[in-house]
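A.B. asks: Compute the structure for the input listed below.
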Amino acid sequence: MSTETPATYAMPTHLTIARFPSPVGPLLIATDEHQVLRALVFGDEMEALTARLRRDYGAVGIEPGSLPEATHAALSAYFAGDHAALVGIPTATAGTPFQRAVWDALSRIPSGQTVSYLDVATRIGKPKAVRAVGMANGANPIGIVVPCHRVIGASGTLTGFSGGIERKRWLLAHEGVAIPRTLALVPPAGVS
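C.D. replies: Have a look, this model is predicted:
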């Protein structure tokens, strides 16, 4: 379940970006002055993350720093096999009410399970909004913590993922989802 609360929707005044080494490669993680997670991206592209944060939060102060201890411990525990460890990380994201509804639905997908985009659309009461759900899924700013990797194509295919299909495959296997190595990989535009 999402740990986002109306109080944490407030615009941050300061963001810290930290690097976190993971089994799926480096992660860049942005937290605010209250140690609330605002962004998590794959790779080490500080400029791209800074541009995204400026787009989402405006002229907020951004600087490199360290990851809050509790967030570091939760991510370390997750990658060590405690798949429930991420549930307690406080989060807040920029996004439309529709995107937040999708992200909240993603947060409710249990580790070790997958759902389709149609399943997510149905869960938020908008079964005809499958494409919009795919776009919101792809815009998720805190992947892994909000588990967009648990959404797959209706036919069981692994569809696009902002961190790359191989990372998606690794995360699902790490969580106990049996994904055949020969499963078709379909990266449709705008859907992750």
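A.B. asks: right, and residue 144 touches residue 86 too?
C.D. replies: Yes: judged on Cβ atoms under 8 Å, residue 144 makes contact with residue 86 at a distance of 6.9 Å. Every residue, glycine included, has its C-beta placed from N, CA and C.
A.B. asks: Can you check which residues contact both of the two?
C.D. replies: 75, 78 (Cβ atoms under 8 Å, 6 or more residues apart in numbering).
A.B. asks: Break this protein into its domains for me.
C.D. replies: 6-88, 97-186 (automatic domain parsing).
A.B. asks: what would the ones you listed look like in TSV with mean neighbour count and mean pLDDT?
C.D. replies: Formatted as TSV, the domains of the chain follow (neighbours: other Cβ atoms under 10 Å; pLDDT from 0 to 100):
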stretch	mean neighbour count	mean pLDDT
domain 6-88	16	92
domain 97-186	18	89
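A.B. asks: separation between the one residue sitting closest to the centre of the chain and residue 13?
C.D. replies: Nearest residue to the geometric centre of the chain (Cα atoms, centre = their mean): residue 143, 1.6 Å. Going from residue 143 to residue 13 by Cβ to Cβ, to the nearest Å gives 25 Å.
A.B. asks: and if you look at residue 156?
C.D. replies: Taken as Cβ to Cβ, the span from residue 156 to residue 13 is 45 Å.
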